[in-house]
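> how would this look folded up:
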Amino acid sequence: VQLVESGGGLVQPGGSLRLSCVASGIIFSTYPMGWYRQAPGKQRELVATIATGGLTSYDNSVKGRFTISRDNVKSTLNLRMNHLRSEDTAVYYCNGYPDWSGARQPALDWGQGTQVTVSS
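Numbers count the residues shown, from 1 in each chain. Below you'll find the predicted structure:
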């Protein structure tokens, strides 16, 4: 099983980025998926989820700015990020079976993540 995130970079406040996560070794269409992020000195947090049927959910901090989507044919998870803020700076990761309560660990080994830096 492998998760490979990409698409991060340096962007000015108010800018946009599109992240992707390609999954291999799993039947991607059967996995609910989520995007997480970890800022320096902070714990990793869940920011967006998408169910197998396409139902989405977002943390309040990104609601209305981020859009999660999935392409089951390409086994790819996407995150469109608009109106980026400095507080969005973090390493972003994807994983399966996300749990908003935090009681259950994600299903898969973590990938390397992709760095997003929002700065002028």
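> and S29, which of the three is it?
Secondary structure, DSSP: H, G, I helix; E, B strand; the rest coil: S29 is helix.
> correct me, but it touches T52?
Yes - in terms of C-beta atoms under 8 Å, S29 counts as a neighbour of T52; the distance is 6.5 Å. Placement of C-beta: from N, CA and C, glycine included.
> and the gap between the residue nearest the centre of the chain and R65?
When C-alpha atoms, centre = their mean is applied to the chain, the residue found nearest the centroid is W35 (2.2 Å). In this view, W35 and R65 are 13 Å apart by C-beta to C-beta, to the nearest Å.
> check G9 too.
Counting by C-beta to C-beta - G9 and R65 are separated by 17 Å.
> list the contacts for the residue nearest to the centre of the chain?
19, 21, 46-49, 66, 68, 77, 79, 92-94 (C-beta atoms under 8 Å, 6 or more residues apart in numbering).
> where do the strands of this protein begin and end?
2-6, 9-11, 17-24, 33-38, 45-50, 56-58, 66-71, 76-81, 90-96, 114-118 (DSSP state E).
> if we ignore the residues flanking it in sequence, what's nearest N82?
S16 (4.8 Å; C-beta to C-beta, 6 or more residues apart in numbering).
> for V91, that is, sorry about that
G113 (4.0 Å).
> swap in Y92?
R37 is the one closest to Y92 (C-beta to C-beta, 6+ apart), at 4.8 Å.
> and for that neighbour, the neighbour number?
When counting by other C-beta atoms under 10 Å, one arrives at 24 neighbours for R37.
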